[in-house]
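**Student:** This is a predicted model, with the sequence first.
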There are 2 protein chains.
Amino acid sequence: MPIHLSTAQPDFAERFAALLSMKREDAADVNDAVAAIIADVRSRGDDALVELTGRFDRLALTPETLAFSREEIAAQTAKVSAEDRAALAMAASRIRAYHARQMPDDLSWTDPEGATLGWRWTPVAAAGLYVPGGQASYPSSVLMNAIPARVAGVERLVVCVPTPGGVVNPLVLLAAELAGVDEIYRIGGAQAIAAMAYGTRTIRPVDKITGPGNAYVAAAKRQVFGRVGIDMIAGPSEVLIIAQGAQNPEWLALDLLAQAEHDADAQSILVTPDESLARAVVAEVERILPTLPRAEVAGASWRDYGTVIVTRDLDEAAALSDRLAPEHLELCVDDPEALAEKTRHAGAIFLGGWTPEAVGDYVSGPNHVLPTARSARFSSGLSVMDFLKRSTIARLSPQALGAIGPAAVRLAESEGLSAHGRSVSARLAVLNGGQP
Amino acid sequence: MPIHLSTAQPDFAERFAALLSMKREDAADVNDAVAAIIADVRSRGDDALVELTGRFDRLALTPETLAFSREEIAAQTAKVSAEDRAALAMAASRIRAYHARQMPDDLSWTDPEGATLGWRWTPVAAAGLYVPGGQASYPSSVLMNAIPARVAGVERLVVCVPTPGGVVNPLVLLAAELAGVDEIYRIGGAQAIAAMAYGTRTIRPVDKITGPGNAYVAAAKRQVFGRVGIDMIAGPSEVLIIAQGAQNPEWLALDLLAQAEHDADAQSILVTPDESLARAVVAEVERILPTLPRAEVAGASWRDYGTVIVTRDLDEAAALSDRLAPEHLELCVDDPEALAEKTRHAGAIFLGGWTPEAVGDYVSGPNHVLPTARSARFSSGLSVMDFLKRSTIARLSPQALGAIGPAAVRLAESEGLSAHGRSVSARLAVLNGGQP
């Protein structure tokens, strides 16, 4: 049974606080194991990769076969059906079009004092994308990570994907090809993250690593952070649906279950002022659940974390949503734009009944790598910006330094940094008629 | 003696590689001590803050005196001289003007398929700024952290600044006031970070924490990351100056020393094709060094990490700079704009001899919180963007779902996510004439 809350309950505040602080993840402590793997890859390079891949993935490699060859990629991608290829190509094209609009502008202006100021955006030189193997090896995630990097102008794009027992997902290779990936290595786990961060003889290091992974991958990303940039550390996924009016209960139930089938730790939340709609959706969930191939996973998620909240009205629903700051927010109401204006913290917003979250996972265009576990309060989904960085630029005319330099000298002195002050005052002395 | 390199040396490649991998920080492992402090603040709240502040800062507080009162702030800021106040106000105003230009635009468009797509930027609700106490308690850093938050629209802005032995820096309080800070607490260290991340009875939690600090503060920020957002973990600071032509050696020497006086771990690097200029600058550094109040710190930095590299030409200098990816890059050459075009990885760029880095620390306008230790390869200085987050938005018309939905169904099936597929196909069935 999912969690049932109503804002009319006298103890609602405590119940909602418990929901907010609910932990959905076992934090397995793999830090020491990961540190040892990283140290091994740093010291032994390719030899460590070959040995670890043999041990963890039951796959015999040599330094020469760490990378997929052009021929292997062509042979694998040739297996993909025309329908799957067309679907993936449509997704790639729509994701590219959306992210192309994110490219920020450089700016430069000269202020009244004579200071020319601005900034310039430049791409990261090389990025590495981790792709999990096995069940969670999603070609859609390859597109969502690699395309923003390419749009940003990253020159060198690397993928690491483990192939346990030698099993390759041809769609992952095709997605990498469609996204313009340059190098694909059949390695995984902490050893793949270490190789991308520090480099080996075969694999040159990258500057930024993105992509999902298991506890080992997540711990490795945390440990190499600083040496390279990383994206967020993704937690279990969630959806919050606010619904009211003439909504189809089956659609809403399927949207809740689409979230639940990801992972037993996923969370699906329905918030509605309409108690009868809530009952109808729950009944549909119960009806559909046993028919799903992933009924066990979805059932566990729904049973442990599924939540229905009945509110007084939509305003109250919007306020609760903001406190939860969901990764995905579906607004299935008569005027979703108006309701969206009343919310503020959400990774991705889906407006109206014809925009199921699942289209956002694949083909609508926005990124599906989004902040989880309430981190939409302070962070955003993956974007072109994650593969760009900004240099600020300043050029002062002598007159500008004359105008603002004395304040800098004053502040430097107040902070006890005399060389700072003198670096400015030596110039002011020349400007004011001292010898050059 | 600083490190002397020349690209003409036969072993230059190895020497430069050693420079790239040089460690400038003792990584004291304070993780366990910090974890204990965070756990204490989480469980005992204000009581823990009072006790820890008594122990570490020799200051007897009560929950009621954790915050500075309006009257105390007014009494302290009244001590600031008119000149210091004017300098700080000019800095605040210029920093505000620069950062106001960073506000990104929302965007929305409808594509040919009928999908309305876009995104919306919203501010973080509450931000906390850590300000170190004692020697490194810099009012300029208060402005550089707090003003971008205010420009972004953050409603609640908190400062924590330790006051060891009760000693308060009036300029820090004045800077907080000028920047529009709402609450100032006289606590520091890991306990301040814990209080801002988790909240106590007196201090409500924030969503994002920024600001510099010692090893304890840095470790605490790493540990609370995920619960709240953090800015970068700052390392020791560095400047790289590329110089050629009729440059004033004294100015360049002072710019190198301004960096060196920050910290014995700071690094100052001069890169020039002009060996006689290099010699003249080094001579000026040696002449000026003993005259600095912070000669000991600056001398240690210059002796251990100061570096002079003589190159064949400016192109080679620019290429080396990119490999070092300096926090601060000064281009003291005849055509600095042209040289800037040839570089790509730098936190902040200062063009021409009249733009000493020290004006950028205080009054030019761009932020002085910048990526250190080569992280300009993949990250940017602090900006308004650090206090904003983006929600992606999608609204599909029934026709749009009809056009792109089938591809989503196909991809969901290929990934084994059947509820994803059915959440789309149930809608397509209605669209294609099924019952609603």
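**Tutor:** Structure's in. What do you need?
**Student:** residue contacts, the closest residue to A:Ala146 other than its chain neighbours?
**Tutor:** Spatial nearest neighbour of A:Ala146, chain neighbours left out: A:Ala179 (3.5 Å); criterion: C-beta to C-beta, 6 or more residues apart in numbering or on different chains. Any C-beta I mention is one placed from the backbone N, CA and C, and that applies to glycine too. Neighbour list for A:Ala179: A:Ala92, A:Val142, A:Leu143, A:Ala146, A:Ile147, A:Arg150, A:Leu157 [criterion: C-beta atoms under 8 Å, 6 or more residues apart in numbering or on different chains].
**Student:** My guess is the first one contacts A:Ala175. True?
**Tutor:** Yes: if you go by C-beta atoms under 8 Å, A:Ala92 and A:Ala175 touch, sitting 7.5 Å apart.
**Student:** How many residues are close by the residue in the stretch 1-150 of chain A that chain B sits nearest to?
**Tutor:** Residue of the stretch 1-150 of chain A nearest chain B, by C-beta to the nearest C-beta: A:Ala87 (3.9 Å). Per other C-beta atoms under 10 Å in any protein chain shown, the neighbour tally for A:Ala87 reads 27.
**Student:** So which residues of chain A form strands?
**Tutor:** Ranges of strands in chain A, per DSSP state E, are A:3-6, A:107-110, A:115-123, A:126-130, A:156-160, A:183-185, A:208-210, A:229-230, A:238-243, A:267-272, A:307-310, A:328-332, A:348-351, A:388-396.
**Student:** For B:Val363, find the nearest of the ones you listed.
**Tutor:** strand A:115-123 (9.2 Å; C-beta to C-beta).
**Student:** For the closest one, which outside residues touch it?
**Tutor:** By C-beta under 8 Å, 6+ apart, strand A:115-123 touches A:103-111, A:152-155, A:387-397, A:400, A:404, B:98, B:102, B:340, B:344-345, B:349, B:351, B:364-366.
**Student:** Please pick the buried ones from those residues.
**Tutor:** Buried residues within those, defined by neighbour count using 16 or more other C-beta atoms under 10 Å in any protein chain shown: A:104, A:111, A:152, A:154, A:387-397, A:400, A:404, B:98, B:102, B:340, B:344-345, B:349, B:351, B:364-366.
**Student:** just checking, A:Asp313 touches A:Asp274?
**Tutor:** No: taking contacts as C-beta under 8 Å, A:Asp313 lies outside contact range of A:Asp274: 10.3 Å.
**Student:** Compare the two (neighbour count), which wins?
**Tutor:** Using other C-beta under 10 Å, the more surrounded residue of A:Asp313 and A:Asp274 is A:Asp274, with 15 against 10.
**Student:** got the contact list for the more buried one?
**Tutor:** A:Ala243, A:Gln244, A:Gly245, A:Val310.
**Student:** What of A:Ala33?
**Tutor:** By C-beta under 8 Å, 6+ apart, the neighbours of A:Ala33 are A:Ala190, A:Tyr216.
**Student:** which residues sit in contact with the residue most central in space within chain A?
**Tutor:** In chain A, the C-alpha nearest the mean C-alpha coordinate belongs to A:Val369, at 3.5 Å (C-alpha atoms, centre = their mean). A:Val369 is in contact with A:Ser141, A:Met144, A:Asn145, A:Thr210, A:Pro212, A:Asp231, A:Met232, A:Ala234, A:Gly381, A:Leu382, counting by C-beta under 8 Å, 6+ apart.
**Student:** wait, the second one sits on A:Leu382?
**Tutor:** Yes: using C-beta under 8 Å, A:Met144 and A:Leu382 qualify as a contacting pair, with a distance of 6.7 Å.
**Student:** Show me where the stretch 201-350 of chain A dips below the pLDDT cut-off.
**Tutor:** For the stretch 201-350 of chain A, no stretch has pLDDT under 70.
**Student:** and the residue lying closest to A:Arg227 once chain neighbours are set aside, what pLDDT?
**Tutor:** Leaving aside its sequence neighbours, A:Arg227 sits nearest to A:Ala197 (C-beta to C-beta, 6+ apart; 5.2 Å). Model confidence at A:Ala197, given as pLDDT, is 98.
**Student:** With pLDDT added, can I get the contacts of A:Ala179 in a markdown table?
**Tutor:** What follows is these, written out as a markdown table (pLDDT from 0 to 100):
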| residue | pLDDT |
| --- | --- |
| A:Ala92 | 98 |
| A:Val142 | 97 |
| A:Leu143 | 98 |
| A:Ala146 | 98 |
| A:Ile147 | 98 |
| A:Arg150 | 98 |
| A:Leu157 | 98 |
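**Student:** so of these, which ones are in helices?
**Tutor:** Among the contacts of A:Ala179, the members found in helices (DSSP state H) are A:Ala92, A:Val142, A:Leu143, A:Ala146, A:Ile147, A:Arg150.
**Student:** Hmm, the fourth one is touching A:Arg156, no?
**Tutor:** No: when contacts are counted by C-beta under 8 Å, A:Ala146 is not listed as touching A:Arg156 (11.8 Å).
**Student:** I'm done for today, thanks for sticking with me.
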